[in-house]
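Asker: Model the structure of this input:
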Amino acid sequence: MSDYRFCPRCATPLTERADPAHEGGRIRQSCPANGCGYVHWNNPLPVVAAIVEYEGRILLARNAAWPEGMFALITGFLENGETPEQGIAREVKEETSLVADTIDLVGVYEFMRKNELIIAYHVRAHGTISLSPELLEYRLVEPAKLRPWRAGTGQALGEWMRRRDLPFEFVERPGR
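Answerer: Predicted structure coming up:
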């Protein structure tokens, strides 16, 4: 389910309910307080991801919270009022200082472990790489040497490679 325990409107402890007529029998957390009506839908969060192509290579970055050797695509949450294309251009700029020249949709992928919906793009970018404080280091990798992982953004990277007739095998974790 989720980690919500109390109603964010009135602080009443949430209870579980299932409404087969309107919600297909899914169990939802809801507020039992009279007149409140809050329901925690627990919908997936939209995340944008970029396969950033820079000078013919793909930029992978290591988040400050990740172990050494673990690199992945540039990602971030879509913000209110922006399109996914605007969101990924913003994330690439914020995290790498690069400017997106072209933005092409690769696909949409579920990442159920984190309850996210990933909207992945191939972004050709230019500029001088300067990482945000949340990223420690980056690598520029020849497209044929990429090693996508089996979940989330790895599915997008594998699809991007397949469309280019690049051979690949999935690995268990990014960077491994």
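Asker: which residues in this structure form helices?
Answerer: 20-23, 84-96, 153-163 (DSSP state H).
Asker: could you dump these to JSON lines with mean pLDDT?
Answerer: Shown next, in JSON lines, are the helices of the chain (pLDDT from 0 to 100):
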{"stretch": "helix 20-23", "mean pLDDT": "68"}
{"stretch": "helix 84-96", "mean pLDDT": "98"}
{"stretch": "helix 153-163", "mean pLDDT": "95"}
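Asker: Export the ones you listed as JSON lines, with columns for mean neighbour count.
Answerer: To be clear about C-beta, it is placed using only N, CA and C from the backbone, and glycine gets the same treatment. Listed next are the helices of the chain as JSON lines, based on neighbours: other Cβ atoms under 10 Å:
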{"stretch": "helix 20-23", "mean neighbour count": "8"}
{"stretch": "helix 84-96", "mean neighbour count": "20"}
{"stretch": "helix 153-163", "mean neighbour count": "20"}
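Asker: Of all the ones you listed, which one is nearest Asp3?
Answerer: helix 20-23 (20.2 Å; Cβ to Cβ).
Asker: picking up where we left off before, could you dump the helices of the chain into CSV and include distance to Leu117?
Answerer: Listed next are these as CSV, based on distance: least, Cβ to Cβ, whole Å:
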stretch, distance to Leu117
helix 20-23, 19
helix 84-96, 10
helix 153-163, 12
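Asker: wait, which of these is closest to His122?
Answerer: helix 153-163 (5.9 Å).
Asker: Tell me which residues are up against the closest one.
Answerer: The contact list for helix 153-163 (Cβ atoms under 8 Å, 6 or more residues apart in numbering) reads 49, 51, 72-73, 75, 106-107, 109, 111, 118, 120, 122, 143, 146, 148, 167-168, 170-171, 174.
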